[in-house]
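In: Pasting the sequence and the predicted model now:
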Amino acid sequence: MAVRQLNKLRVYHSLYRINKAFHAVSFHLQELEESGLVSVEKLGLLRHYVLELKAQISHDVVDRMHEIEDDEMCRWEKARIAREKHLDPDRYR
């Protein structure tokens, strides 16, 4: 179980770092756009590509993590119910 928790933390941390990096790229593209050195249309399009890719990655990771968190929630809920039954068997008759 500890390995699973560590893997979850790594996934969430990686997703955070990916989103932070994409945000930085988007910010710097905006800076270049404001400089006037490169076409506003081209940089705007590229910035939208960056944001789209960021969103796709986040969506796919979060979608899969939602499944994992649902499974874990169900497992812990069953453990809690079993413990409650053990502590107060009359309540569950």
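Out: In hand now; what should we look at? Note that the coordinates shown come from a computational prediction; the quantities given were computed from them, not determined experimentally.
In: from here on, contacts and neighbour counts on C-alpha atoms
Out: OK.
In: Point me to the helix or strand that includes the residue positioned nearest the centre of the chain.
Out: Nearest to the geometric centre of the chain sits Val62, at 4.3 Å (CA atoms, centre = their mean). Assigned by DSSP states H and E, Val62 belongs to helix 40-87.
In: Also Leu37?
Out: Leu37 belongs to no helix or strand, assigned by DSSP H and E.
In: tell me the contacts of it?
Out: Counting by CA atoms under 8 Å, 6 or more residues apart in numbering, Leu37 touches no other residue.
In: Which pLDDT value does the model give it?
Out: Predicted confidence (pLDDT) for Leu37: 90.
In: any idea how far it is from Glu31?
Out: 10 Å (CA to CA, to the nearest Å).
In: For Gly36, give me phi and psi.
Out: phi 80, psi 0 (degrees, to the nearest 10).
In: Enumerate every residue touching it.
Out: Gly36 neighbours (CA under 8 Å, 6+ apart): none.
In: Could you measure from it over to Met65?
Out: Distance, Gly36 to Met65, using CA to CA: 41 Å.
In: likewise Asn19?
Out: Taking CA to CA, one finds Asn19 at 16 Å from Met65.
In: Ser39 now?
Out: Distance, Ser39 to Met65, using CA to CA: 39 Å.
In: Over to Ile18?
Out: 16 Å.
In: just Glu52 next, same as before
Out: 20 Å.
In: same question, Leu87
Out: 33 Å.
In: neighbour count winner among these two?
Out: Per other CA atoms under 10 Å, whichever of Leu87 and Met65 has more neighbours is Met65, with 15 against 10.
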